[in-house]
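Q: Model the following, please.
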Amino acid sequence: MHRSILTGFFVCILSAGVPAIASATEPGEQGAPAVATTSVTSTEAAAPTDGADLVMWNVAPPAADEAPAPGATTAKHRLLRLVHVQKLASGIAARGVAMASTLTRNAMKFLGVRYVFGGTSVYGFDCSGYVQHVFALAGVQLPRMADSQYYAGKSFSGQPRAGDLVFFHTYAPGVSHVGISLGDDKFVHASSRGVRVSSLHDSYWAPRYVGAKRFVQ
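A: Sure thing, here's the model as predicted:
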């Protein structure tokens with residue numbers, strides 16, 4: 001009688017959709033040892049509580065648009081730094097081009113000005129005085145003498161570009177003459193015939209060429 005009532009009670013629970021039940025043979029009955037069985041019959045899956053092990057619940061990882069991928073933040077910061085450096089480099093290069101243009105434009109204003117030994121003004125220039133004057137107009141201060149200008153400048157590889165200084169040895173060993181490169185192997189300088197444009201390939205200047213130095217990056 002008691003067994004029939006108990007069995008009916010379990011059937012009622014199952015039909016009501018209770019998520020889990022357990023059944024076991026009563027102690028002392030003949031048959032298999034008591035075994036607990038669990039079955040989920042609800043149509044809605046239970047959600048994990050706070051702090052639950054999501055792996056145990058087989059919860060899918062966050063979607064890509066919900067959480068950044070590992071290292072994404074670091075990669076983003078590196079990209080931002082790279083963009084900043086590129087903009088800075090571009091700005092420096094642009095200023096360098098503008099400065100070179102200013103130097104060569106100012107240099108060409110003095111074409112024909114006579115040569116005066118020790119001269120530093122429009123009334124007459126020597127080679128280093130002319131270069132110093134042109135650079136001063138652009139806000140760049142250079143040493144007074146050609147050899148001092150040579151040692152103060154920055155060495156570089158490749159051909160001189162507009163705005164670089166080109167140096168020569170003439171009447172004495174070492175650097176004794178200087179001009180301003182115009183690019184394309186041309187330079188402007190205060191020669192013994194006055195301020196004029198010459199070529200680095202000129203039969204007089206080519207064998208006397210020492211090298212070039214850079215003051216404007």
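Q: what ranges do the strands span in the chain?
A: 120-121, 124-125, 165-168, 177-183, 186-191, 194-199, 209-213 (DSSP state E).
Q: wait, which of those is closest to residue 74?
A: Comparing those by their distance to residue 74 (CB to CB), the top pick is strand 209-213, with 41.5 Å. From N, CA and C alone the C-beta is placed, and that goes for glycine too.
Q: So, low pLDDT: which residues of the chain?
A: The chain contains residues with pLDDT under 70 at 1-72, 77, 81-96.
Q: show me where it has helices.
A: Here the chain has its helices, by DSSP state H, at 2-15, 72-108, 127-137, 146-152.
Q: For the third one, buried residues please.
A: Translated: helix 127-137. Applying a neighbour-count criterion of 16 or more other CB atoms under 10 Å, one finds 127-135 buried in helix 127-137.
Q: got the angle between that helix and strand 194-199?
A: Helix 127-137 and strand 194-199 are oriented at 90 degrees to each other (axes from the mean of the first three to the mean of the last three CA atoms, to 10 degrees).
Q: With only the CA atoms kept, save stretch 149-159 in PDB.
A: Extracted C-alpha coordinates of stretch 149-159, given in PDB (Å, rounded to 0.1, in the frame of the first residue of the first chain):
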ATOM      1  CA  GLN A 149      80.900  75.900 -41.000                       C
ATOM      2  CA  TYR A 150      82.200  72.600 -42.400                       C
ATOM      3  CA  TYR A 151      82.900  71.200 -38.900                       C
ATOM      4  CA  ALA A 152      79.600  72.500 -37.500                       C
ATOM      5  CA  GLY A 153      77.400  70.900 -40.200                       C
ATOM      6  CA  LYS A 154      76.000  67.300 -40.100                       C
ATOM      7  CA  SER A 155      77.500  64.700 -42.400                       C
ATOM      8  CA  PHE A 156      75.100  62.600 -44.500                       C
ATOM      9  CA  SER A 157      75.100  60.000 -47.300                       C
ATOM     10  CA  GLY A 158      74.000  60.700 -50.800                       C
ATOM     11  CA  GLN A 159      74.100  63.700 -53.000                       C
END
